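J.: this one's sequence-less:
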């Protein structure tokens, strides 16, 4: 797996710009499963950013906003169950249960399960969206209850 790292000194103004851009992207509620692309016009040149780039762009902006370095890996198209579990920050047995429940497609190479990297990344985005929706519902319910108490 090859890796390219970018380290730089970022000014406070650039950090704030990156933070505003990250927040603007976040407010669009776009992810890799979205059908929408981002269209940006710079000096009369239209740039279209594909939907699959949203999580990457979001991560770059978030890292810039906090002054962190950025690295890009050339991932394998497939992951082992342990690599996928590590990526999702779950245990390997839990990840295998997800596979057995058909939450993610997989195939076997010999007696080992393999998953496509793109499927694992999409699943992580799906989980993130689900959590955000749940949090939004919980926040709305909390505000409703709070409003009734006044």
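T.: Received the coordinates, thanks. Just so we're clear, the structure is a prediction, and the values are computed from it rather than from any experiment.

J.: Nearest the geometric middle of the chain, what residue?
T.: When CA atoms, centre = their mean is applied to the chain, the residue found nearest the centroid is residue 55 (4.3 Å).

J.: Surely that one is within a helix?
T.: Yes: when the secondary structure is assigned by DSSP: H, G, I helix; E, B strand; the rest coil, residue 55 falls within a helix.

J.: was I right about it contacting residue 125?
T.: Yes: between residue 55 and residue 125 there is a contact under CB atoms under 8 Å: 6.1 Å. Where C-beta positions appear, they are placed from N, C-alpha and C, glycine not excepted.

J.: buried residues in the top helix by length along the chain?
T.: Longest helix in the chain by number of residues, with DSSP state H as the criterion: helix 117-148. Using 16 or more other CB atoms under 10 Å as the test for burial, helix 117-148 gives 117, 119-125, 129.

J.: And stretch 17-30, by the same measure?
T.: For stretch 17-30, the neighbour count (16+ other CB under 10 Å) marks 18, 21-22, 25, 30 as buried.

J.: List the contacts of that stretch.
T.: When contacts are defined by CB atoms under 8 Å, 6 or more residues apart in numbering, stretch 17-30 is touched by residues 10, 36, 38, 51, 54, 57-58, 61-62, 64-65, 129, 132.

J.: same thing but 10 Å
T.: Identification of contacts with stretch 17-30 by CB atoms under 10 Å, 6 or more residues apart in numbering yields 10-11, 34, 36-38, 49, 51, 54-55, 57-67, 129, 132-133, 136.

J.: Check the residues you listed for burial and list the buried ones.
T.: Buried subset of the contacts of stretch 17-30 (neighbour count, 16+ other CB under 10 Å): 38, 54-55, 57-58, 60-65, 129.

J.: Nice, that's everything, thank you.
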